[in-house]
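Asker: pasting the sequence and the predicted coordinates here, then a few questions.
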Amino acid sequence: MPFIGAHFHVENPLAEAIAARVDVAQFFLGDPQDWKPPVIPGDPADMRRAWADVGIDVYIHSPYPVNLASTNNRIRHPSRNIVKQQLKAAASIGAKALVVHGGHVTAKDDPQDGLINWAKAVEQIDRPIPMLIENTAGGDGAMARSLDMIARLWDAVGGLDNVGFCLDTCHANSAGIDLADAVDRVKAITGRIDLVHCNNSRDAFDSGQDRHADITKGTIDPALLLGVVQAAGAPVICETPDAPADVTWLKRQLGEEA
């Protein structure tokens, strides 16, 4: 039975996580839209103990502006610094891993340059906990949208310690990846799936759009989402509008009393 949980956009995620009866929680350390250093609300050791006491595992999501593939130094260099800071802060509160989007290059760039930048970044960033690369929904220059680009990215960084993979179902569907066999195809590339973001989509297959929907209310057959969860065998985070309800739905479908 995989651990099932949710992303929390609140100042006190612990209280919300307990109320939602999750096994695992994901949240940001600070404003997800800016370049500022991570913010830990309180003593890190106290936070570590508090989450451990209630038996809920923690994952941290890096801020959205992070783009380790960028050929623009004014984006790539701050991105490296942010990821370093986020990894250190996440480790200090006992988080299991840090989730980082695959990033992209612009239309005028060679995607190979983005892969090289990723490799350099991973070599330079200390990883006290795993850094999980998340697949993305759109963008022709995206490093982790198509299975082909995921394979190229994994060739560049996948052999290094504490680098893992987070499979987002909404992103995969929007990128044109069939969820019926997505887990097998991803694992054939990476050898692993460390975390699943179980999200339905408001948009059609291969739309390139990243708009999450509740598990039973989007364009993806919920049975496909359940199949991904069962096949991946990894912890699950719902990043949906009504994530606590989706946690309950998944647990019931998997035979666990919610």
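Answerer: Done, it's in. Numbering: from 1, shown residues only.
Asker: now A188, what's its secondary structure?
Answerer: Reduced to three states with DSSP: H, G, I helix; E, B strand; the rest coil, the structure at A188 is helix.
Asker: would you map the helices across this protein?
Answerer: Along the chain, the stretches classed as helices by DSSP state H are 13-20, 44-54, 73-92, 111-124, 147-157, 169-174, 182-190, 222-232, 243-253.
Asker: using JSON lines, please lay out those together with mean pLDDT.
Answerer: JSON lines is the format used below for these (pLDDT from 0 to 100):
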{"stretch": "helix 13-20", "mean pLDDT": "96"}
{"stretch": "helix 44-54", "mean pLDDT": "97"}
{"stretch": "helix 73-92", "mean pLDDT": "97"}
{"stretch": "helix 111-124", "mean pLDDT": "96"}
{"stretch": "helix 147-157", "mean pLDDT": "97"}
{"stretch": "helix 169-174", "mean pLDDT": "98"}
{"stretch": "helix 182-190", "mean pLDDT": "98"}
{"stretch": "helix 222-232", "mean pLDDT": "98"}
{"stretch": "helix 243-253", "mean pLDDT": "97"}
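Asker: please name whichever of those is nearest to I215.
Answerer: Judged by Cβ to Cβ, the one of the helices of the chain that comes nearest to I215 is helix 243-253, at 4.6 Å. Every C-beta, even on glycine, is put in place using the N, C-alpha and C of the backbone.
Asker: of the helices of the chain, which stretch is the most buried?
Answerer: Mean neighbours per residue, mean count of other Cβ atoms under 10 Å, is largest over the helices of the chain for helix 169-174, with a mean of 28.
Asker: returning to what we had before: who wins for proximity to V196 among the helices of the chain?
Answerer: When these are compared for distance to V196 using Cβ to Cβ, the nearest one is helix 222-232, at 5.0 Å.
Asker: show me how far that closest one is from its chain's centre.
Answerer: Here helix 222-232 shows a centroid-to-chain-centroid distance of 17 Å under the convention Cα atoms, centre = their mean, to the nearest Å.
Asker: next, count neighbours for G159.
Answerer: Neighbour count for G159, taken as other Cβ atoms under 10 Å: 10.
Asker: against V100, how distant is it?
Answerer: Between G159 and V100 the computed distance is 17 Å (Cβ to Cβ, to the nearest Å).
Asker: what do you get for P241?
Answerer: On the measure of Cβ to Cβ, P241 and V100 end up 24 Å apart.
Asker: more neighbours: these two, which one.
Answerer: Each of P241 and V100 had its neighbours counted (other Cβ under 10 Å), and the higher figure belongs to V100 (28 against 14).
Asker: so that one is in contact with M131, correct?
Answerer: Yes - here V100 reaches M131: they are 5.6 Å apart, a contact under Cβ atoms under 8 Å.
Asker: identify the contacts common to those two.
Answerer: In terms of Cβ atoms under 8 Å, 6 or more residues apart in numbering, V100 and M131 are both contacted by the residues V83.
Asker: next, count neighbours for the spatially closest residue to G139 that is not a sequence neighbour.
Answerer: Of all residues not flanking G139 in the chain, H104 sits nearest, at 4.8 Å (Cβ to Cβ, 6 or more residues apart in numbering). Other residues near H104 number 22, with proximity taken as other Cβ under 10 Å.
Asker: then the one 5 residues further on?
Answerer: Applying the criterion other Cβ under 10 Å, we find 16 residues in the vicinity of D109.
Asker: so that it lines up with my notes, have the first residue be 29 from now on.
Answerer: Sure, I'll start numbering at 29, so the last one becomes D137.
Asker: wait, it touches A170, no?
Answerer: No - in this structure, D137 sits apart from A170 without contact. The criterion is Cβ under 8 Å, and the distance is 11.7 Å.
Asker: ok, back up a step: ok, the residue nearest to G167 - contacts?
Answerer: Taking Cβ under 8 Å, 6+ apart as the test, what H132 contacts is 95, 97-98, 142, 164, 167, 169-171.
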